[in-house]
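**Q** What follows is a protein structure lacking sequence information:
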């Protein structure tokens, strides 16, 4: 996924939960891979593996091309091609468990089919799940979550691809209802953008002083 993920504070409950989920998921992936090698047949995927495969497929784009296709066959093919799966990140673990919880709730069942998980990713996207996990967001992600719909940027909802930094700065600059958090995020992006007019920076700083 484009952009740098901001890790949770090391002493936060969120960080502890994310670490625990990531460790659990890594153990499950390792056990499944080992079982497949030992029995000499294709890998049997748990719900968590299906969900992780769907998340990784969906986020395997920079948003410049067609949206990656996510279905049960594509997820199975993904895992067949991955002999030694990389450990899940903390964010991936939160997305996986948020996705499974949502699909279970949607179908009022404790077990669901792989295609039901993939269907949710295709139809509802990952952004609503990410935002419900309260996972830390980069400045670009924070602003994209606010402006993606009004600026016609579906790659955020489905693939977690943020909008262009310059576009986000302009969006905040013209948004009179932007909060101090949004203005601060825009200032962070603007400071790293070459050629940002000093007038824009000054206006954003002034707004932050008024709203902060």
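**A** Good, I have the coordinates. These figures come from a predicted structure and were not determined experimentally. Numbers count the residues shown, from 1 in each chain.

**Q** who are the neighbours in contact with residue 22?
**A** 87, 88, 89, 90, 92, 93 (CB atoms under 8 Å, 6 or more residues apart in numbering). Yep, even glycine has a C-beta here, placed from its N, CA and C like the rest.

**Q** buried sites along stretch 175-189?
**A** 175, 178, 182, 183, 184, 185, 186, 187, 188, 189 (16 or more other CB atoms under 10 Å).

**Q** could you dump those residues to JSON lines with pLDDT?
**A** Output for the buried residues of stretch 175-189, formatted as JSON lines (pLDDT from 0 to 100):
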{"residue": "175", "pLDDT": "95"}
{"residue": "178", "pLDDT": "96"}
{"residue": "182", "pLDDT": "97"}
{"residue": "183", "pLDDT": "97"}
{"residue": "184", "pLDDT": "97"}
{"residue": "185", "pLDDT": "98"}
{"residue": "186", "pLDDT": "98"}
{"residue": "187", "pLDDT": "97"}
{"residue": "188", "pLDDT": "97"}
{"residue": "189", "pLDDT": "98"}
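
**Q** picking that back up, now the contacts of residue 22 as CSV including neighbour count and secondary structure?
**A** Shown next, in CSV, are the contacts of residue 22 (neighbours: other CB atoms under 10 Å; DSSP: H, G, I helix; E, B strand; the rest coil):
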residue, neighbour count, secondary structure
87, 13, coil
88, 24, coil
89, 15, coil
90, 21, helix
92, 22, helix
93, 26, helix
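
**Q** Going by distance to residue 165, which of those residues wins?
**A** Nearest to residue 165 among the contacts of residue 22, counting by CB to CB, is residue 89 at 22.4 Å.
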